[in-house]
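**Student:** I need the structure of the sequence given here:
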Amino acid sequence: MPAILDKNLQIGAFIKRENPRDVLVTRDRIVESFNDLPLGCIIGSSSPRRICYIQQYRPDIKVVPIKGNIETRINLVKEKKIFATILAAAGIKRINYKEENIFFNFLSLSFMLPAPGQGAIAIVHHKENIRMKNICKLIDDKETRIAIEAERALIKNINGDCFTPIGAYAKVINDNLSMRARLYSTNGKVFVEEKLTQKISSSKCLGKLCAELMLKKATFKYNKL
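**Tutor:** Model (predicted):
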């Protein structure tokens, strides 16, 4: 979903967020983390964010581009065309994927931040559709909305899109909203990171502030709209 919606549309509701983490998908039971991956193995990914993380922590690994839905990408691992891939945990859960000899290991948020909004589902409707607006009020998850609005504000204020190498995660903790974000350079060699906490009432402001602070520190180029 673009950071800036059509002026006639609005997000009416956010469904309760699933696990936002990424998952390392392999056919090897003993591989439980990046440290266990064989030297020089091949990982399939077309995500600039994930590629940057891989290059930072395991520069020996070769990354090749892959396309297709979740099952298509997992099949590349299953067929030994690539050693591993990284996918969103939420997507795997939603399709209820089960396969013997394919193993999923969650990557911690301290190791790899998810894409902004990862794990969330938003319902968008026309601003003048009163019926949909009333329905959405019944299913809107408040904590998810607060967190995702902050993450979307972050993306908007760096002029980012799905090709921008950025990870971000916001979480409601009591009356506060905590956010951590990392923006990589286009070549993935350097990054800037911020971690902020503010009152829930200023969630959108938190995303904007986080973006402003990172951009002040960023002396490199990154993918923009």
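**Student:** can you give me the helices in this structure?
**Tutor:** For the chain, applying DSSP state H gives helices covering 48-57, 70-78, 89-94, 130-139, 142-157, 203-217.
**Student:** and of these, who's closest to Ala120?
**Tutor:** helix 142-157 (5.1 Å; Cβ to Cβ). No exception for glycine: its C-beta is placed from N, CA and C like everyone else's.
**Student:** now the closest one: mean pLDDT?
**Tutor:** Mean pLDDT, helix 142-157: 95.
**Student:** and of the helices of the chain, who's closest to Met112?
**Tutor:** Once the helices of the chain are compared by Cβ to Cβ, helix 48-57 is nearest, at 5.1 Å.
**Student:** so what does that closest one touch, helix or strand wise?
**Tutor:** Here helix 48-57 touches strand 62-64, strand 166-173, strand 176-184, going by 3 or more Cβ pairs under 8 Å, 6 or more residues apart in numbering; DSSP states H and E.
**Student:** Outside of it itself, list whatever touches it.
**Tutor:** By Cβ atoms under 8 Å, 6 or more residues apart in numbering, the residues outside helix 48-57 that reach it are 22, 34, 43, 45, 61, 63, 86, 111-113, 115, 163-167, 184, 188-189, 191, 223.
**Student:** Export the helices of the chain as a markdown table, with columns for distance to Ile4 and mean neighbour count.
**Tutor:** Below are these laid out as a markdown table (distance: least, Cβ to Cβ, whole Å; neighbours: other Cβ atoms under 10 Å):
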| stretch | distance to Ile4 | mean neighbour count |
| --- | --- | --- |
| helix 48-57 | 20 | 20 |
| helix 70-78 | 28 | 17 |
| helix 89-94 | 24 | 17 |
| helix 130-139 | 20 | 12 |
| helix 142-157 | 6 | 22 |
| helix 203-217 | 13 | 19 |
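**Student:** Of all those helices, which one comes closest to Glu18?
**Tutor:** Within the helices of the chain, the stretch nearest Glu18 is helix 89-94; the backing value is 3.7 Å (Cβ to Cβ).
**Student:** quick one: contacts of that closest one?
**Tutor:** Counting by Cβ under 8 Å, 6+ apart, Arg17, Glu18, Asn19, Pro20, Arg21, Asp22, Val23, Ile70, Phe104, Phe106, Gln118, Gly119 sit against helix 89-94.
**Student:** what about 10 Å?
**Tutor:** 17-23, 25, 69-71, 73-74, 88, 97-98, 104, 106-107, 114, 118-121 (Cβ atoms under 10 Å, 6 or more residues apart in numbering).
**Student:** Scan the helices and strands of this protein for the one with the lowest mean pLDDT.
**Tutor:** helix 203-217 (a mean of 93; mean pLDDT, DSSP states H and E).
**Student:** For it, which helices and strands make contact with it?
**Tutor:** Helix 203-217 sits against helix 142-157, strand 166-173, strand 176-184, strand 191-199, with contacts defined as 3 or more Cβ pairs under 10 Å, 6 or more residues apart in numbering; DSSP states H and E.
**Student:** before we move on, the earlier item: in JSON lines: the helices and strands packed on helix 48-57, plus mean neighbour count.
**Tutor:** Below are the helices and strands packed on helix 48-57 laid out as JSON lines (neighbours: other Cβ atoms under 10 Å):
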{"stretch": "strand 62-64", "mean neighbour count": "15"}
{"stretch": "strand 166-173", "mean neighbour count": "22"}
{"stretch": "strand 176-184", "mean neighbour count": "22"}
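**Student:** Adding mean pLDDT, write those out as JSON lines.
**Tutor:** Listed next are these as JSON lines, based on pLDDT from 0 to 100:
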{"stretch": "strand 62-64", "mean pLDDT": "97"}
{"stretch": "strand 166-173", "mean pLDDT": "96"}
{"stretch": "strand 176-184", "mean pLDDT": "97"}
